[in-house]
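Participant: Below is the sequence, then the predicted model.
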Amino acid sequence: MELVEDAAPLTEAAVSQTEEGKIQLLIQLLNALMYLHRRGIIHRDIKPANVLVDRDNVTRLLDFGLAINNSLSLVADSDSFSGTVAYMAPELFSNPVATIQSDIFAVGVMAYEMFAGQYPFKADNSAQLMFSILQDQPDVSMLDTYLANVIELMLAKNPEYRYQTARKVIKDLCAATGFPEPLESQSIRESYLQTSKFVGREQELATLSRALDQILVDRPNQTSGNGAPKAKPGGSAWLVSGEPGVGKSRLLDEVRIRAVMRGAQVYRGFSMANGGQDYQVLREPMKHLVLAVDLTIEEASILKEIVPEMETIRGEPVPDPILLESRDHRER
């Protein structure tokens, strides 16, 4: 995962922001929810600690430990609920099946904190907190009327009266505050593309899926029927070639998702015919692979040519290799 440095919880980060800045942070969070909900995923634990703002004012939605697939939510454990009580929607106290609307309620609680500067419910103890979430209407008198209406709809007690999509919240939020609706960014367009169902390239996908099955057929630390240890999983390298725009990246994205979910590690390089540096296709995968093995200083020296960051990765000086003639150089 990406390292996010100097990050602060959403409600803390909002303190130093202008109204426009707060709206922008909130819209980024709602965009993340749009992506999840389109994929059929309910987060179930949206709270300030799980929504961080980095040094560039980019909102990051974290911690999917409680997230569920919406299609499976009807078989959730009906005897218990999950989440953080202070940000749970009222209906979850009696019916723990999370929905898009319960995620939106949690965002509404944080939106109230961002603009009102205080938590919307009474919270002296857990019993009072639950009762207040179930019964009390938050005081929005200190907010602009139009903004208050949006937040009240997000915090509606009945999920049927609450916003049904994060997209609608963004639209009304912008209308209420007079800020233009954000343009659809490249990353958002790509996210919609990636959430669409994968079609086509069935033969290629089947070939790569079989290779994945073969790699994972033997697990480490297992024994065969006669007590002898089984072989550890191996690896596999594949070259996928073709003209630009025929779907190579989309195919490999699909394979990578399937592989990672089964515990495999997948590294991918890229090169173009008659272009790029020497060993271009190996450069990106090698950055990861050198972390997975103990290299001698001589090996690190040789590989530094295609991993210029070798000294940073190892945290120590790495000398240049001895110069060789062209053919010997390639063989080495």
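Facilitator: Happy to help now that I have it.

Participant: use CA for all of it now, contacts and neighbours both
Facilitator: Will do.

Participant: any idea how far residue 63 lies from residue 8?
Facilitator: Note on residue 63: its distance to residue 8, by Cα to Cα, to the nearest Å, is 15 Å.

Participant: Compare the two (neighbour count), which wins?
Facilitator: Using other Cα atoms under 10 Å, the more surrounded residue of residue 63 and residue 8 is residue 8, with 19 against 12.

Participant: ok but residue 259 is inside a helix, no?
Facilitator: Yes. Assigned with DSSP: H, G, I helix; E, B strand; the rest coil, residue 259 falls within a helix.

Participant: Isn't it up against residue 267?
Facilitator: No. Applying Cα atoms under 8 Å as the test, residue 259 and residue 267 come out as separate, 10.8 Å apart.

Participant: Identify the contacts common to the two.
Facilitator: Common neighbours of residue 259 and residue 267, using Cα atoms under 8 Å, 6 or more residues apart in numbering, do not exist here.

Participant: which of the two has more neighbours?
Facilitator: Per other Cα under 10 Å, whichever of residue 259 and residue 267 has more neighbours is residue 259, with 17 against 13.

Participant: show me where the stretch 151-300 of the chain has helices.
Facilitator: Applying DSSP state H, counting those that start in this stretch to the stretch 151-300 of the chain gives helices spanning 166-177, 186-195, 202-216, 248-261, 280-292, 297-303.

Participant: looking at those helices, which has the lowest confidence?
Facilitator: Ranked by mean pLDDT, those end with helix 186-195 in last place, scoring a mean of 67.

Participant: Distance to residue 52 added to the helices of the stretch 151-300 of the chain, as JSON lines?
Facilitator: What follows is those, written out as JSON lines (distance: least, Cα to Cα, whole Å):
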{"stretch": "helix 166-177", "distance to residue 52": "19"}
{"stretch": "helix 186-195", "distance to residue 52": "19"}
{"stretch": "helix 202-216", "distance to residue 52": "35"}
{"stretch": "helix 248-261", "distance to residue 52": "25"}
{"stretch": "helix 280-292", "distance to residue 52": "27"}
{"stretch": "helix 297-303", "distance to residue 52": "37"}
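
Participant: Of those, give the one that comes closest to residue 241.
Facilitator: helix 248-261 (7.4 Å; Cα to Cα).

Participant: Run through who's touching the closest one.
Facilitator: The contact list for helix 248-261 (Cα under 8 Å, 6+ apart) reads 194, 198, 201, 205, 208, 209, 212, 240, 241, 242, 265, 266.

Participant: Identify, by residue count, the longest helix of this structure.
Facilitator: Ordering each helix of the chain by length in residues (DSSP state H) puts helix 19-38 first.

Participant: Tell me which helix or strand comes right after it.
Facilitator: strand 41-42 (DSSP states H and E).

Participant: Against which helices or strands is that following strand packed?
Facilitator: Counting contacts by 3 or more Cα pairs under 8 Å, 6 or more residues apart in numbering; DSSP states H and E, strand 41-42 packs against strand 68-69.

Participant: ok, residue 235 - contacts?
Facilitator: Residue 235 sits next to residue 215 when contact means Cα under 8 Å, 6+ apart.

Participant: Distance check, it against residue 114.
Facilitator: 49 Å.

Participant: Also residue 123?
Facilitator: According to Cα to Cα, residue 123 stands 17 Å off from residue 114.

Participant: Between these two, which is the more surrounded one?
Facilitator: In this view residue 123 and residue 114 are compared by other Cα under 10 Å, and residue 114 has more residues nearby, 22 against 15.

Participant: check which helix or strand covers the more buried one.
Facilitator: In the assignment (DSSP H and E), residue 114 maps to helix 100-116.

Participant: Run the angle between that helix and helix 166-177 for me.
Facilitator: 30 degrees (axes from the mean of the first three to the mean of the last three Cα atoms, to 10 degrees).

Participant: State the pLDDT value of residue 10.
Facilitator: 95.

Participant: that's a strand at residue 60, yeah?
Facilitator: Yes. Under three-state DSSP, residue 60 sits within a strand.

Participant: burial count for it?
Facilitator: So residue 60, with other Cα under 10 Å, has 18 neighbours.
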